[in-house]
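In: sequence plus predicted model, see below.
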Amino acid sequence: MLLMLILLIIIGFAVLARIYFNLRKLRTASLRADWDAQQISQLRAMGSDPFQPHQVDFFFGLPSEAACEALRRALEPEGYSVDVKPVPDAVDQPFSLHACRSMRLSVPDMQELSQRFGDLAGANGGRYDGWAAGVVRRSAAGPDSH
């Protein structure tokens, strides 16, 4: 009887831990999605045209050169230029990977990329630190200027 009680307690803790980590994962994904929408809104507010191609920079913190190489192999065939720099002061993620690509900015696309990059970094023991882009104004030679 005591063995059965101990087993039930262990199962209960396992279920609670799983629920906790799943909720935490959902919260992180939601915060990332909101952040992407806020970034694009801020760029629009500064006069940027999201329909024009932007040079977008993506940032990762990684634990090893092997993890950096794995991300490089995943990103370069998709048109990203990638560079890696050691960060000697960072204990947990001593390498910084920067990937860059020209693209249009849409909230769903950027949210999808952030989710994918978070998963890709996590699978390699690292973290995805987000993206940045500068303001790109509407081209003066647009479709209405013929």
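Out: Done, it's in. A quick note: this is a predicted structure, and the numbers were derived from the prediction, not measured.
In: shaky segments in this structure?
Out: Scanning the chain for pLDDT under 70 picks out 25-33, 140-146.
In: need the contact list for residue 59.
Out: Applying Cβ atoms under 8 Å, 6 or more residues apart in numbering to residue 59 gives the contacts 96-98, 128-132. From N, CA and C alone the C-beta is placed, and that goes for glycine too.
In: next up, identify which helix or strand the residue most central in space within the chain is on.
Out: By Cα atoms, centre = their mean, the chain has its centre lying nearest to residue 114, at 3.4 Å. For residue 114, the host element (DSSP states H and E) is helix 107-123.
In: okay, buried residues for that helix please.
Out: Under the neighbour-count criterion of 16 or more other Cβ atoms under 10 Å, helix 107-123 has 110-111, 113-114, 117-118, 120-121 buried.
In: what about the closest residue in space to residue 103 that isn't next to it in sequence, neighbour count?
Out: Nearest residue to residue 103, sequence neighbours excluded (Cβ to Cβ, 6 or more residues apart in numbering): residue 56, at 5.6 Å. Counted by other Cβ atoms under 10 Å, the residues lying close to residue 56 total 20.
In: swap in residue 90?
Out: By other Cβ under 10 Å, 13 other residues sit near residue 90.
In: which residue packs closest to it, ignoring adjacent ones?
Out: residue 61 (6.9 Å).
In: number of nearby residues for the one you found?
Out: Per other Cβ under 10 Å, the neighbour tally for residue 61 reads 19.
In: over to residue 9?
Out: Residues near residue 9, counting by other Cβ under 10 Å, number 10.
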